[in-house]
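Enquirer: Generate coordinates for the sequence data below:
(one chain, ligands or ions: 1)
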Amino acid sequence: MTEPLVARMRAFGTTIFAEMSALAVQTGSINLGQGFPDTDGPAAMLDRAVQAIGAGANQYPPGPGVLELRQAVSEHRSAHYGLTYDPVSEVLVTVGATEAVAASVLALCEPGDEVVVFEPYYDSYAASIALAQARLVPVTMRPVEGRFTFDPGELRAAVTPRTRAILVNSPHNPTGTVFTRDELTVIAELCRERDLIAITDEVYEHLTFDGVEHIPIATLPGMRERTVMISSAGKTFSVTGWKTGWVCAPPALVTAVSTVKQFLTFTASAPWQLAVAYGLRHEMEWVKALASGLQDKRDRLMEGLAAAGFSVLRPAGTYFVQTDIRPLGFEDGLELTRRLPELAGVVAIPTQVFYDRPERGRHFVRFAFCKKEEVIDEAVSRLKRLSA
Ligand SMILES: *Cc1c(COP(=O)(O)O)cnc(C)c1O
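Expert: Next up is the predicted model:
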C-alpha cells in the first residue's frame, strides 16, 4: 500500500517524547524529559471528581461546557486579571488547551493563511496549523542576558498580508520565558496595526517565579476584542490527565471556535469540569503553594545542572530549564540526549526539536523540574558523571 497518511501530516511522525520516554524505560533512566508532575492535584478537587461520578454527572454535558465551570472561569479571569467574560457567550470549555488551539486555528485560518509562532514552540501548534493547511511562520527566540526573547524587527518582518494570527505562548514552553509588558506591547501593537488575532496559550499562567507576574495580552489596550485566550486545568492543578481547558474571547470568536470544536469532540468530560470549577473557586491557595514549591525545585535543579558543568538559563515560569551543553564539550543536543541514558542514566529533551530551523537550537537541552525533590537530587548526582 502507498503511504496512507495525508501529505501534510507526514512530517509529524513519532515525537521525541515517545522516543525518549521509551529510552528512559529501557535503560532505567530518570526521566526529566516529558513535562508532567509526579505528585497529585489538590485532594478536595480530586474528591469532587469522584463525587461527580457518584452523583450521576455521566452523560453529555452541554456542548460549550458545564455552566458551573464556565462561570468559575469567568470569575477567575475577573479576579486575577480584571477581565470580564460572559460565561454563556464568551467562555467555551475544551478537551485541554490542545483542542482549544487546534479548534481556534481550524476555525480562524483559511488554507494559505499565515500564523506567526515564536520558536522554539510547543509541538501541537505546527500540527494544528498543518491540519488547517495554513502556514507557520517562525520567529526565533534567543537568549539575551540570560533569558530567551525575540527581536521586535524580526517579528514585524514576519507579518505579511497573509498573516491571520500570532500565537502567543507565555509563560513559554520550552524556554521558561514570561513575556514582559514591553514584549507584549510590541506584539499587541502589531496585532492592532495589521488587524491580527492573538491566539494565546496561557497554560502556565500561575506557574511563575521570583515574583514575576503573568500578564495576559488581552489586558493590553485594544486586545480583548482580538484575543482568543486559552488556558487549562492540567498545569495549574497538576492534573495533566484530565484534559480540561477553555477559551475566553468575544462572542463572534467563541462562536467560530465552538463551530469547529463541536465536530472535533462535541463536548469535554463532565466529571472533570465540575471538579475544575471547584478548583478554580477553592484551591487557588494550593496553586500558590505549588508555584512556590516549583520555584524551589527549579533552584535545586539549576544548581545541580550548573555543578554538573552545564550553562544554565533561569526560567521565570513553567516546568522547564534550558541548558547550553557547550561548556561540557558537546555541540549537538540531539546527539547528547540520545547518549545521556548511557552516560548518566538521565533522559532530557533536545530543544532543537521545537524549532523549524533546528540548527538554531542545536546546543540547548531542556530538563523538567516538576518532579519530587529526591528524583531531582538523584538525577543531579548522576549528571555529575558527565564532568567527572
Ligand atoms: C502542557 C501544554 C499544553 C497542553 O495542555 P492540555 O490542557 O493538556 O491540552 C498546551 N500548551 C503548552 C505550552 C503546554 O506545555
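
Enquirer: how much space between the closest residue to the ligand within the chain and R8?
Expert: Proximity of the chain to the ligand (C-beta to the nearest ligand atom) peaks at G96, 2.5 Å away. Quick note: C-beta positions are derived from backbone N, CA and C, even for glycine. According to C-beta to C-beta, to the nearest Å, G96 and R8 sit 22 Å apart.

Enquirer: Of the two, give the one with the bigger neighbour count.
Expert: It is G96, of G96 and R8, that has more neighbours when counted by other C-beta atoms under 10 Å, with 23 against 13.

Enquirer: Contact residues of the protein facing the ligand?
Expert: 96-98, 122, 169, 173, 201, 203, 232, 234-235, 240, 243, 245 (C-beta under 6 Å from any ligand atom).

Enquirer: possible to save the residues you listed as a markdown table with pLDDT?
Expert: Formatted as a markdown table, these follow (pLDDT from 0 to 100):
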| residue | pLDDT |
| --- | --- |
| G96 | 98 |
| A97 | 98 |
| T98 | 98 |
| Y122 | 96 |
| N169 | 98 |
| N173 | 97 |
| D201 | 98 |
| V203 | 98 |
| S232 | 98 |
| G234 | 98 |
| K235 | 98 |
| T240 | 96 |
| K243 | 98 |
| G245 | 98 |
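
Enquirer: how about L313, what does it touch?
Expert: 143, 146-148, 175-176, 321-324 (C-beta atoms under 8 Å, 6 or more residues apart in numbering).

Enquirer: mind putting those in TSV, secondary structure included?
Expert: Formatted as TSV, those follow (DSSP: H, G, I helix; E, B strand; the rest coil):
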residue	secondary structure
P143	strand
G146	coil
R147	strand
F148	strand
T175	coil
G176	coil
V321	strand
Q322	strand
T323	strand
D324	strand
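
Enquirer: my guess is F369 meets T323, correct?
Expert: No - the criterion here is C-beta atoms under 8 Å, and F369 misses it with T323 at 11.7 Å.

Enquirer: Could you dump the residues of the chain next to the ligand into a markdown table and include secondary structure and distance to V105?
Expert: Converted to a markdown table, the residues of the chain next to the ligand look like this (DSSP: H, G, I helix; E, B strand; the rest coil; distance: C-beta to C-beta, whole Å):
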| residue | secondary structure | distance to V105 |
| --- | --- | --- |
| G96 | helix | 15 |
| A97 | helix | 12 |
| T98 | helix | 11 |
| Y122 | coil | 13 |
| N169 | strand | 13 |
| N173 | coil | 17 |
| D201 | strand | 11 |
| V203 | coil | 16 |
| S232 | strand | 16 |
| G234 | helix | 19 |
| K235 | helix | 21 |
| T240 | helix | 22 |
| K243 | coil | 18 |
| G245 | strand | 14 |
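
Enquirer: Just the closest of those to T259, please.
Expert: G245 (17.3 Å; C-beta to C-beta).

Enquirer: Would you map the strands across the stretch 251-388 of the chain?
Expert: 311-313, 320-324, 346-347, 349-350, 364-368 (DSSP state E, counting those that start in this stretch).

Enquirer: Let me have the ones you listed in CSV, extended by distance to E19 and mean pLDDT.
Expert: Formatted as CSV, these follow (distance: least, C-beta to C-beta, whole Å; pLDDT from 0 to 100):
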stretch, distance to E19, mean pLDDT
strand 311-313, 24, 98
strand 320-324, 18, 98
strand 346-347, 10, 97
strand 349-350, 10, 97
strand 364-368, 14, 98
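
Enquirer: could these be laid out in CSV, adding distance to A49?
Expert: Shown next, in CSV, are these (distance: least, C-beta to C-beta, whole Å):
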stretch, distance to A49
strand 311-313, 37
strand 320-324, 27
strand 346-347, 30
strand 349-350, 30
strand 364-368, 25
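
Enquirer: what's G28 in contact with, if anything?
Expert: Here G28 is in contact with G345 (criterion: C-beta under 8 Å, 6+ apart).

Enquirer: pLDDT score assigned to it?
Expert: Note for G28: predicted pLDDT of 94.

Enquirer: buried set for the longest helix seen in the chain?
Expert: In the chain, with assignment by DSSP state H, the single longest helix is helix 284-307. By neighbour count on 16 or more other C-beta atoms under 10 Å, the buried set for helix 284-307 is 284, 286-287, 290, 294-295, 297-298, 300-302, 304-305.

Enquirer: quick one: which of these is nearest to R339?
Expert: Looking across these and measuring by C-beta to C-beta, the closest to R339 is L305, at 16.8 Å.

Enquirer: Give the closest residue to the closest one in space, chain neighbours not counted.
Expert: By the measure of C-beta to C-beta, 6 or more residues apart in numbering, the closest residue to L305 outside its immediate chain neighbours is V312, 5.0 Å from it.
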